[in-house]
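Enquirer: sequence unavailable; structure follows:
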């Protein structure tokens, strides 16, 4: 801190912007393509497999995590890093519940999507 103002690590700012924009833009895309509501509480009416969903099954959650990582780096904060880790675990658990609901909603087309597209990082996880 410098006179009560937190010191910002500039190199963390691009992650903040990337994560926020990914979350917002992909969320808008999902609403346009899939219908439903902004969250899983009002599920999509159509399966969305294009755009960012072609590469990652959870690009909105991933955008949220990228933002939180950027926050931890920008603030150089162990507390913000702990918040990131907590949310990473929470989102992974949430995704598994979401997947069960989407299998029930979309059946075999969604099962096929699960085999083609990674949950988090294209080609890895």
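Expert: Here it is on my side, so go on. Source: prediction; values computed, not measured.

Enquirer: buried residues in the longest helix anywhere in the chain?
Expert: Scanning the chain for the helix with the most residues, using DSSP state H, yields helix 78-106. Across helix 78-106, burial judged by 16 or more other CB atoms under 10 Å covers 80, 81, 84, 87, 88, 91, 95, 98, 99, 102, 106. In this view, the C-beta of every residue, glycine as well, is placed from N, C-alpha and C.

Enquirer: one more: stretch 26-33?
Expert: Within stretch 26-33, the residues that qualify as buried are 26, 29, 30, 33, counting by 16+ other CB under 10 Å.

Enquirer: any idea how far it is from the chain center?
Expert: Per CA atoms, centre = their mean, to the nearest Å, the displacement of stretch 26-33 from the mean C-alpha position of its chain is 13 Å.

Enquirer: what sits up against that stretch?
Expert: Contact partners of stretch 26-33, identified using CB atoms under 8 Å, 6 or more residues apart in numbering, comprise 37, 38, 44, 46, 48, 50, 51, 52, 53, 59, 60, 63.

Enquirer: can you count the residues close to the second one?
Expert: Going back to what we said before, that points to residue 38. 11 (other CB atoms under 10 Å).

Enquirer: relative to residue 51, how far out is residue 10?
Expert: Distance of residue 10 to residue 51, computed by CB to CB, to the nearest Å: 30 Å.
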